[in-house]
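**Student:** sequence and predicted structure, then a few things I'm wondering about:
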Amino acid sequence: MATLKHLGSKNADYGAAEAYLTFEHDEFTMKPTLDEQGRLIPREDYRLSTLNCGGEDFAVACMRSNLRYGKNQRREDVKSHHYIISFDPRDAADNGLTVDRAQALGKKFCSEHFPGHQALICTHPDGHNHSGNIHVHIVINSLRIEEVPFLPYMDRPADTKAGCKHRCTDAALRYFKSEVMEMCHREGLYQIDLLNGSKNRVTEREYWAQKKGQAALDKQNAPLLAEGITPRQTKFETNKEKLRQTIRKALSTAASFDEFSSLLLREGVTVKESLGRLSYLTPDRTKPITARKLGDDFDRAAVLAVLEQNAARAAEAPATPRTIKDRLQAARAEIAAPKQDGVQRLVDIAAKRAEGKGKGYEHWAKIHNLKQAAKTLNVYQEYGFTSPEQLEAAIDTAYAEMRQASGELKMMETRLQRKKELQRQVLAYAQTKPARDGLKAQKSPKARDAYRQAHESDFIIAEAAARYFREHGIIKLPARKALQAEIEQLISQKDSLYNGYREQKQRFKELQTIKRNIDQILRREEPNRRKEQSHER
């Protein structure tokens, strides 16, 4: 599968490109690799050619042309364009691709699509990751030295004139990718669709961040592995990859865009839509990451398609869980789910800044505080409070009601446990009835002793149950069905008490949060009030 990559360079040293192509470089730092004498190490195998350089060195020819036309003299000018065509590693064995053949294909591609530009074409037999993929580097001077015909990817008259510069627009890069696909199909090489994007779009910067992070993690884990200890983390993930996993997790359950946004917000990720495009803002950043930089799976069309499928699947599913276990899990999840519209505590930004939080977190915290401050004031007014003293009294009352509900719940739990223990003893005593009846049927003491010894475990259980009945003053055993009905009624009462206790606890916490937020708001506004008073004086 051949791929095409483009890099623009503002480096005025054109010789640096040739040095990189012909000498060994460290794959992480991109600095030249030196031998023991401090000399550059030539690459073992490569093919190098130039175009439109007039027999001169590539760097000399480019600088001479730039001076003649007065171009590429400023620091911000793009001096050269670097295109890399990487072939599938399988092409060497399956399709007879060699370094010489790849070099010939690169020269032809360059002459057809970059006419009039001074170019450097170099083919390497292997990549950074030693996967065996043959690849061709095409480095062109951004300045055009000859007038050329109007090509399909050009859209301005200046794109054909000498003394003007090459522009790698989105349309041009798309055209080059289609030409690479056509070249591979024509030459019988492996190829994938380069025009319809990828599910995960990994940039050059993210690729190297992952490589460097993995190398650092491997170095950190080396002492543990030497001691036979399994490290907690063996695979390094970039922040973008973690964001992709968070988004996919939310997409796996959400059935609407609001639910999708809510699930991401729980993880600290804010999803934004602008001009029909989605972007994702994480707490550690001030600038959102666009879906385009993450991959095609995260753009608006793909997200809405997945949400639509989830909604259709949910509509076809049964309304209630089928098994008791599913119903219990659904009830627990509903109880444990945080209240999204409730008041949350304000963030102490100064304290978090002192802990080392960055600007991204501070940006998120400011927005969070503004939203929660507005909610706090709204709820404060809904309760009808007119003074902090009323709020304090309401907190005391809510605490007392919560403690009372907790006490009633504990009493009910104690009653329920006693009834369940009674039921256990009654059932155990009933199971020993055949053994007890068999003892009565024995005629002689010797036979009764032998029978008791043979059924010793049953008599131990029966005597323990009888002792329990005597200790609790139970003379007549309750009927098992009536006892089961009483236990079920107690369970229902306990659930009702628990729901009431949970509501009281939630109200108490909400009032506490309101008080803390108001105290923090007043503390924040106190310096401003002091300044106003000083101005009035």
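**Tutor:** Perfect, I can see it now.

**Student:** hey, let's count contacts and neighbours off CA atoms from now on
**Tutor:** Fine.

**Student:** show residues contacting the strand ranked longest in the chain.
**Tutor:** When every strand of the chain is counted residue by residue (DSSP state E), the longest turns out to be strand 135-144. Residues from elsewhere that reach strand 135-144, judged by CA atoms under 8 Å, 6 or more residues apart in numbering: 17, 62, 65-66, 71-72, 78-87, 102-103, 106, 110, 114, 116-127, 161-167.

**Student:** likewise for stretch 477-495?
**Tutor:** Contacts of stretch 477-495 with the rest of the structure, by CA under 8 Å, 6+ apart, involve L409, M412, E413, R415, L416, K419, K420, Q423, V426, L427.

**Student:** out of those, name the ones that lie in helices.
**Tutor:** With helices taken from DSSP state H, the overlap with the contacts of stretch 477-495 comprises L409, M412, E413, R415, L416, K419, K420, Q423, V426, L427.

**Student:** show me which residues of stretch 21-32 are buried.
**Tutor:** Along stretch 21-32, these residues count as buried under the neighbour rule (16 or more other CA atoms under 10 Å): L21, T22, F23, E24, H25, P32.

**Student:** just the CA atoms of that stretch, as PDB, please.
**Tutor:** Listed in PDB are the C-alpha atoms of stretch 21-32, where the atom choice follows Å, rounded to 0.1, in the frame of the first residue of the first chain:
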ATOM      1  CA  LEU A  21      19.100  11.600   2.600                       C
ATOM      2  CA  THR A  22      22.700  10.400   2.300                       C
ATOM      3  CA  PHE A  23      23.900  10.100   5.900                       C
ATOM      4  CA  GLU A  24      22.500   8.200   8.900                       C
ATOM      5  CA  HIS A  25      20.300  10.200  11.300                       C
ATOM      6  CA  ASP A  26      18.800   9.400  14.700                       C
ATOM      7  CA  GLU A  27      15.100   8.700  14.100                       C
ATOM      8  CA  PHE A  28      14.000  10.600  17.300                       C
ATOM      9  CA  THR A  29      16.200  13.700  17.300                       C
ATOM     10  CA  MET A  30      16.800  13.800  13.500                       C
ATOM     11  CA  LYS A  31      20.400  14.700  14.300                       C
ATOM     12  CA  PRO A  32      23.300  13.100  12.300                       C
END
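
**Student:** avg pLDDT for it?
**Tutor:** Taken as a whole, stretch 21-32 carries a mean pLDDT of 79.

**Student:** buried among the contacts of strand 135-144? Need that as a selection in ChimeraX.
**Tutor:** Only the buried entries of the contacts of strand 135-144 go into this ChimeraX selection, using 16+ other CA under 10 Å:
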select :17,62,65,66,71,72,78,79,80,81,82,83,84,85,86,87,102,103,106,110,114,116,117,118,119,120,121,122,123,124,125,126,161,162,163,164,165,166,167
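
**Student:** narrow the contacts of stretch 477-495 to just the buried residues.
**Tutor:** Looks like those have L409, M412, E413, L416, K419, K420, Q423, V426 buried, using 16+ other CA under 10 Å.

**Student:** how far away is the first one from A485?
**Tutor:** Distance check for L409 against A485: by CA to CA, to the nearest Å, it reads 20 Å.
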